[in-house]
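K.L.:
Give me coordinates for this.
(one chain, ligands or ions: 1)
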Amino acid sequence: MQSQIAIPQKYGAMGLDELSRRIAARKDELGDSLCILAHHYQRDEVIALAEFTGDSLKLSQLAASQKRAKYIVFCGVHFMAESADILSGPDQIVCLPNMLAGCAMADMAEDAATAAPLEEISALTGEKVVPVTYVNSAAAVKAVTARAGGACCTSGNVRNVFAWALDETGGGGQKIFAIPDEHLGRNTAVAMGYSLDDCVVYDPLLPCGGLSARDVERARFILWKGYCYVHQLFSTDDVTNVRSRYPDIRVIVHPECPHELVQLADASGSTEQIIRAVGEGEPASRWAIGTESNLVNRLAKRHADRFIRTLSEAPALCAQMHRIDLPHLLWVLDNLAEGNVVNRVSVPDDIARDARVALQRMVDLKAVGEATPTRRRR
Ligand code: SF4
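P.N.:
Presented below is the predicted three-dimensional model:
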């Protein structure tokens, strides 16, 4: 867990209008030397001040392309800022407004920052195991992935990365070790035509992940036992409830949701795929979306001619993303304008060198454009 120094009290005393005005003034002052990137799950007031918004893949690509910006201020969570640091130029500086903005899912795979879990699994089979690591992971895990011949993926291109990992001309594996999201791994395997029996779960709290040689031998996908608590909030009852109220509603969910929920939905997709599907929807169409609520509420405002709501009655908010706010953003920009770099995210060279290989494979393997239709059971 990173630590964050307390910012001066004056920032907390300012209202949103004043903070926004001051941030806009600092942006003018810093000009082309500054680029603010914001993830879709950020608050509206942060999104409004960003130069670019996107999901993990898009923001990674943007970070790599912002050659003129000396400072990249990343309004997202820690692993995203690490990826931006790895993919940006050597003279660029990446700052995260609040160092406490981590990712609960990424934290579940700390053990994967050593080669030990992969060695454990490989020792149980004669077949080649290729790690595929979700971008929601620490840079050290990405580096281990690259050293073992694997690649990173996002929810947008995970199918293509899995296909690459199993292809003779790609990763050349017979098995995939999917880290750290169990649900993304399982949902992707099934979307590719594999069965649930092709998947086993590796529990990092148990010796050998709780798996026997027989388990690993029969499996094609070994899934790290990790999850996103935001997407885990949604249930099959939410789908039943929303369909009983609105029979024509389309349910679209993120593939970080549990498998039984994805199977009940009409489609699943990354945030970019969800945004595209809803944007291409007919006027007056109805949508229930199983992903983070800031994004869903923004889509509802953008497409006021459609009925758009979060799948659950309760909001689905990421507490870590929420730690980025205007007081912290202004504090970072005030310091940069005065020549002080604060909250720099800098990945050590040896980790960055290897993690870059896994990230570059991810960037090179294109995203799937459309959300994936799922089998609908009523
Ligand atoms: S929404 Fe989930 S996966 Fe994304 S940053 Fe928050 S905890 Fe991590």
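
K.L.:
tell me the domain ranges of the protein?
P.N.:
9-102+320-346, 110-227+356-364, 230-319 (automatic domain parsing).

K.L.:
From the opening residue of the last one to its closing one, how far?
P.N.:
So that's domain 230-319. Domain 230-319 has an end-to-end distance of 9 Å (CA to CA, to the nearest Å).

K.L.:
Please see if it touches the ligand.
P.N.:
Yes: with CB under 6 Å from any ligand atom as the measure, domain 230-319 is seen reaching the ligand through 230, 292, 318. Any C-beta I mention is one placed from the backbone N, CA and C, and that applies to glycine too.

K.L.:
So which of these are in strands?
P.N.:
Judged by DSSP state E, the residues of domain 230-319 next to the ligand include no members of strands.

K.L.:
mind showing which ranges of this protein have poor pLDDT?
P.N.:
Residues of the chain that meet the criterion pLDDT under 70 lie in 1, 367-370, 375-378.

K.L.:
And the strands in it, which stretches?
P.N.:
Ranges of strands in the chain, per DSSP E, are 34-39, 52-54, 71-75, 93-95, 129-134, 151-153, 175-179, 199-202, 221-224, 250-253, 267-268, 286-290, 307-310, 372-373.

K.L.:
so can I have JSON lines of those strands showing distance to Ala6 and mean neighbour count?
P.N.:
Output for the strands of the chain, formatted as JSON lines (distance: least, CB to CB, whole Å; neighbours: other CB atoms under 10 Å):
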{"stretch": "strand 34-39", "distance to Ala6": "23", "mean neighbour count": "25"}
{"stretch": "strand 52-54", "distance to Ala6": "28", "mean neighbour count": "18"}
{"stretch": "strand 71-75", "distance to Ala6": "19", "mean neighbour count": "26"}
{"stretch": "strand 93-95", "distance to Ala6": "17", "mean neighbour count": "23"}
{"stretch": "strand 129-134", "distance to Ala6": "32", "mean neighbour count": "28"}
{"stretch": "strand 151-153", "distance to Ala6": "34", "mean neighbour count": "30"}
{"stretch": "strand 175-179", "distance to Ala6": "34", "mean neighbour count": "28"}
{"stretch": "strand 199-202", "distance to Ala6": "39", "mean neighbour count": "22"}
{"stretch": "strand 221-224", "distance to Ala6": "35", "mean neighbour count": "26"}
{"stretch": "strand 250-253", "distance to Ala6": "38", "mean neighbour count": "24"}
{"stretch": "strand 267-268", "distance to Ala6": "41", "mean neighbour count": "24"}
{"stretch": "strand 286-290", "distance to Ala6": "36", "mean neighbour count": "25"}
{"stretch": "strand 307-310", "distance to Ala6": "33", "mean neighbour count": "20"}
{"stretch": "strand 372-373", "distance to Ala6": "44", "mean neighbour count": "16"}
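
K.L.:
quick one: which of the residues of domain 230-319 next to the ligand sit in helices?
P.N.:
Those of these mapping onto helices are Val230, per DSSP state H.

K.L.:
Tell me the one of the residues of domain 230-319 next to the ligand nearest Leu264?
P.N.:
Val230 (18.5 Å; CB to CB).

K.L.:
Name all residues that make contact with Lys128.
P.N.:
If you count contacts by CB atoms under 8 Å, 6 or more residues apart in numbering, Lys128 has them with 172-175.

K.L.:
ok, of those residues, which come out buried?
P.N.:
Among the contacts of Lys128, those buried by neighbour count (16 or more other CB atoms under 10 Å) are 173, 175.

K.L.:
Can you lay out the contacts of Lys128 as TSV showing distance to Ala352?
P.N.:
Compiled in TSV, these are given as follows (distance: CB to CB, whole Å):
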residue	distance to Ala352
Gly172	25
Gly173	25
Gln174	30
Lys175	28
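
K.L.:
And the furthest pair within the contacts of Lys128?
P.N.:
For the contacts of Lys128, and using CB to CB, no pair is farther apart than Gly172 and Lys175, which are 11.2 Å apart.

K.L.:
what sits in contact with each of these two?
P.N.:
128, 130.

K.L.:
Can you lay out the residues of domain 230-319 next to the ligand as JSON lines showing distance to Val190 and neighbour count?
P.N.:
Output for those, formatted as JSON lines (distance: CB to CB, whole Å; neighbours: other CB atoms under 10 Å):
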{"residue": "Val230", "distance to Val190": "21", "neighbour count": "24"}
{"residue": "Glu292", "distance to Val190": "23", "neighbour count": "25"}
{"residue": "Cys318", "distance to Val190": "25", "neighbour count": "22"}
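
K.L.:
Which residues of the stretch 1-150 of the chain lie near the ligand?
P.N.:
Within the stretch 1-150 of the chain, the positions adjacent to the ligand are 41, 77, 103-105, 136 by CB under 6 Å from any ligand atom.

K.L.:
Just the buried subset of these, written out for PyMOL, thanks.
P.N.:
Typed into PyMOL, the line below selects the buried ones among these, using 16+ other CB under 10 Å:
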select buried, resi 41+77+103+104+105+136
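
K.L.:
Can you name the residues that contact the residue nearest to Ala219 when sequence neighbours are not counted?
P.N.:
The shortest distance from Ala219 to any non-neighbouring residue, by CB to CB, 6 or more residues apart in numbering, is to Val200 (4.2 Å). Val200 makes contacts with 211, 215-216, 218-219, 221-223, as judged by CB under 8 Å, 6+ apart.
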